[in-house]
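Trainee: only geometry, no sequence info:
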């Protein structure tokens with residue numbers, strides 16, 4: 001099975017600690033460098049596919065670059081996660097995935113989807129820029145596709161031996177500015193309510 005990993009990166013120190021635990025073939029790795037410094041150049045020559053967006057492509061668009069790469073299974077990984085037994089643990093855990101994918105206790109900081117899910121649900125909504133609410137949006141679309149139903153879901157869930165460097169690292173580092181009010185407003189327009197209070201079954205209540 002062709003497994004790949006997509007990781008948006010923007011804080012150099014955080015990324016270095018994460019990738020220090022990368023112990024697989026680097027050709028499986030897709031890095032989306034959203035830093036002004038383009039520090040991802042230090043990882044060139046190892047086989048990873050690296051995209052550079054010094055003006056910040058944003059999280060959903062970065063994840064979409066991973067979706068566009070050919071793979072049977074895509075792990076979406078946050079650079080804030082340190083894998084204590086290396087990324088090879090994710091390869092081991094992939095065996096527990098079903099036809100749709102696999103959840104972990106790290107939520108959207110580490111989540112895997114099969115090509116079947118990605119083809120059915122589609123790309124992440126890049127209007128949730130630069131980040132936040134794109135995961136709620138995709139989660140609701142998974143629910144509408146009968147793939148993920150909250151507590152009663154069709155996705156297995158596994159634990160990982162990881163160390164978290166913290167949440168909202170880019171915000172804490174002052175790398176991005178987020179208008180949460182505008183993101184929530186867009187989400188409500190799209191789904192007729194806030195996350196977990198949606199009323200529409202099609203985006204913007206447009207009937208097919």
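Mentor: Now that the structure is in, tell me what you want to look at. Everything numeric here is computed off the predicted structure, so don't read it as measured data. Numbers count the residues shown, from 1 in each chain.

Trainee: and the helices in the protein?
Mentor: Residue ranges of the helices in the chain, as given by DSSP state H, are 12-19, 59-68, 88-93, 115-121, 134-144, 169-172, 180-191.

Trainee: I'd like those helices laid out as CSV, including distance to residue 201, mean neighbour count and mean pLDDT.
Mentor: Just so you know, the C-beta spots here come from the backbone N, C-alpha and C atoms, and that holds for glycine as well. Output for these, formatted as CSV (distance: least, CB to CB, whole Å; neighbours: other CB atoms under 10 Å; pLDDT from 0 to 100):
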stretch, distance to residue 201, mean neighbour count, mean pLDDT
helix 12-19, 37, 19, 96
helix 59-68, 21, 22, 98
helix 88-93, 32, 16, 97
helix 115-121, 14, 17, 97
helix 134-144, 6, 20, 96
helix 169-172, 32, 16, 62
helix 180-191, 9, 16, 97
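
Trainee: let's have those helices in CSV, adding distance to residue 205.
Mentor: CSV is the format used below for those (distance: least, CB to CB, whole Å):
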stretch, distance to residue 205
helix 12-19, 39
helix 59-68, 22
helix 88-93, 38
helix 115-121, 19
helix 134-144, 13
helix 169-172, 32
helix 180-191, 9
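
Trainee: in stretch 68-83, what counts as buried?
Mentor: Within stretch 68-83, the residues that count as buried by 16 or more other CB atoms under 10 Å are 71, 73, 74, 75, 76, 77, 78, 79, 80, 81, 82, 83.

Trainee: quick one: residues contacting the third one.
Mentor: Think residue 74. Neighbouring residues of residue 74 by CB atoms under 8 Å, 6 or more residues apart in numbering: 3, 4, 5, 6, 66, 67, 112, 113, 115, 118.

Trainee: could you report the pLDDT at it?
Mentor: pLDDT for residue 74: 98.

Trainee: repeat for the last one
Mentor: The predicted local confidence for residue 83 comes out at a pLDDT of 97.

Trainee: look up how far residue 179 lies from the residue nearest in space to the middle of the chain.
Mentor: Nearest to the mean C-alpha position of the chain, by CA atoms, centre = their mean, lies residue 76 at 3.9 Å. To residue 179, residue 76 is 23 Å away according to CB to CB, to the nearest Å.

Trainee: now do residue 105
Mentor: Look at residue 105 and residue 179: by CB to CB, they are 30 Å apart.

Trainee: quick one: residues contacting residue 108.
Mentor: 76, 78, 135.

Trainee: isn't the first one right up against residue 107?
Mentor: What that stands for is residue 76. No - assessed by CB atoms under 8 Å, residue 76 is found out of contact with residue 107, at 10.6 Å.
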